[in-house]
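>>> For reference, the sequence and a predicted model appear below.
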Amino acid sequence: MKGRTTCPKCKHEFVLDVPDDIEKPEVVCPKCYNKFTIKAKNSDPESDDECSWEEHGEPRKTILSSIRTKTDKPMMAAILLSAVFAIGITTAAFSETFIESSMNIASKAGITGTVEILVTDQTNNSLPDINVKINGESYTTDENGLFSAENIKLGILTLELSGDGYKTQTQEILVTPLFSLESTIKMEEGDGQGEKVEFDATGCTLILAIFSVFALLGTITCLKRRHIDVAISGSLLGIFSFGFFFTGSILSIIAFALIMKSKEEFENGKKGKIF
């Protein structure tokens with residue numbers, strides 16, 4: 001039995017354990033080493049024992065099994081997220097085609113983008129009066145070497161720059177909604193046609209693949225009905241795997257709703273509840 005008592009000599013209070021079968025145990029104060037006996041508070045009040053004690057300690061916590069009603073929602077969410085993973089990986093493998101088709105859909109819906117280009121020479125001096133052609137329209141850089149345009153068609157577009165004393169430069173750029181494209185292009189001195197710079201979709205491929213892997217992690221946790229935080233994160237990040245015609249995003253949103261409706265069925269690493 002664990003209890004708390006006070007030394008009658010130095011008044012030092014301390015906690016101790018005594019066997020249950022000893023009625024009047026003798027203890028030693030850890031501070032002044034005084035020996036004295038203790039008794040239970042509900043014992044004879046006329047006893048001449050030097051000190052009394054009381055039971056000490058916090059209520060015990062008991063772990064009991066918890067019965068949960070299982071549904072098919074986590075399994076359905078797992079199936080959807082596995083489809084998101086497959087769609088996302090396929091999209092990543094054909095990322096350039098995906099970008100063009102997605103941007104075409106957005107353009108048909110009337111969505112446009114903004115482009116801002118700084119044109120300089122090889123020593124980073126800004127170049128004014130440089131001719132810029134994009135999407136059939138012609139522009140000219142201002143005195144600071146800047147070219148800025150709004151309401152530009154979305155997608156992978158070809159940008160052509162030319163000026164007196166400089167080679168004509170052709171570069172592919174990606175125009176997206178919501179974010180303004182800001183870039184710096186360096187012109188090379190000379191005549192004729194310069195080297196064409198094509199759009200590199202490697203970065204987009206990597207990003208789509210990463211978000212698809214998160215959807216796969218969500219699939220595993222839904223199948224095991226464990227780690228609800230990972231399942232939720234996988235469904236939310238899976239939205240950004242997109243997929244052709246945004247099918248991956250749609251399926252991820254549905255999976256997220258199923259997970260939230262069945263979150264009580266997921267274990268948090270412990271079996272049962274603490275009371």
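Arrived safely.
>>> and E172, bridged to which residues?
T158 (DSSP bridges).
>>> Quick one: the strands in this protein, in order.
With strands called from DSSP state E, the chain shows them at 2-6, 13-17, 26-28, 35-40, 51-55, 63-64, 113-120, 131-134, 137-140, 146-152, 155-163, 166-175, 181-186, 273-274.
>>> weakest of those strands in terms of mean pLDDT?
Among the strands of the chain, strand 273-274 carries the lowest mean pLDDT, at a mean of 38.
>>> that older thread, tell me which of the strands of the chain lies nearest to R225.
Smallest distance to R225 across the strands of the chain (CB to CB): 16.0 Å, for strand 273-274. For the C-beta atoms, the positions are set from N, CA and C on the backbone; glycine is no exception.
>>> Run through who's touching stretch 103-114.
For stretch 103-114, contacts defined as CB atoms under 8 Å, 6 or more residues apart in numbering pick out 148-156, 175-177, 179-181, 245.
>>> of those, closest to G88?
Once CB to CB is applied, the member of the contacts of stretch 103-114 that ends up nearest G88 is F245, at 13.3 Å.
>>> what pLDDT does G248 get?
pLDDT recorded at G248 is 90.
>>> what's the domain layout of this protein?
When the chain is parsed with automatic domain parsing, its domains come out as 2-55, 73-93+204-274, 109-200.
>>> possible to save these as a markdown table with mean neighbour count and distance to I99?
Output for the domains of the chain, formatted as a markdown table (neighbours: other CB atoms under 10 Å; distance: least, CB to CB, whole Å):
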| stretch | mean neighbour count | distance to I99 |
| --- | --- | --- |
| domain 2-55 | 13 | 69 |
| domain 73-93+204-274 | 20 | 6 |
| domain 109-200 | 15 | 6 |
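>>> And these: which comes nearest E100?
Counting by CB to CB, E100 lies closest to domain 109-200 out of the domains of the chain; the figure is 5.6 Å.
>>> Quick one: distance of the closest one to the chain centre.
Relative to the centre of its chain, domain 109-200 is centred 35 Å away, using CA atoms, centre = their mean, to the nearest Å.
>>> Can you get me the start-to-end distance on it?
26 Å (CA to CA, to the nearest Å).
>>> Any chance of the domains of the chain in JSON lines with distance to E100 as columns?
Output for the domains of the chain, formatted as JSON lines (distance: least, CB to CB, whole Å):
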{"stretch": "domain 2-55", "distance to E100": "74"}
{"stretch": "domain 73-93+204-274", "distance to E100": "11"}
{"stretch": "domain 109-200", "distance to E100": "6"}
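>>> Correct me if wrong: K133 contacts L159.
Yes. Shown here, K133 and L159 form a contact pair, counting by CB atoms under 8 Å, at 7.4 Å.
>>> Can you identify each of the helices in the chain by residue range?
Ranges of helices in the chain, per DSSP state H, are 73-93, 95-108, 202-224, 228-237, 247-261.
>>> average pLDDT for the third one?
In this model, helix 202-224 has a mean pLDDT of 93.
>>> In terms of secondary structure, what does that helix contact?
With contacts taken as 3 or more CB pairs under 8 Å, 6 or more residues apart in numbering; DSSP states H and E, helix 202-224 sits against helix 73-93, helix 95-108, helix 228-237, helix 247-261.
>>> Go again with 6 Å.
Helices and strands touching helix 202-224, by 3 or more CB pairs under 6 Å, 6 or more residues apart in numbering; DSSP states H and E, are helix 73-93, helix 228-237.
>>> Need those helices in JSON lines (columns: distance to I210 and mean pLDDT).
What follows is the helices and strands packed on helix 202-224, written out as JSON lines (distance: least, CB to CB, whole Å; pLDDT from 0 to 100):
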{"stretch": "helix 73-93", "distance to I210": "9", "mean pLDDT": "94"}
{"stretch": "helix 228-237", "distance to I210": "8", "mean pLDDT": "94"}
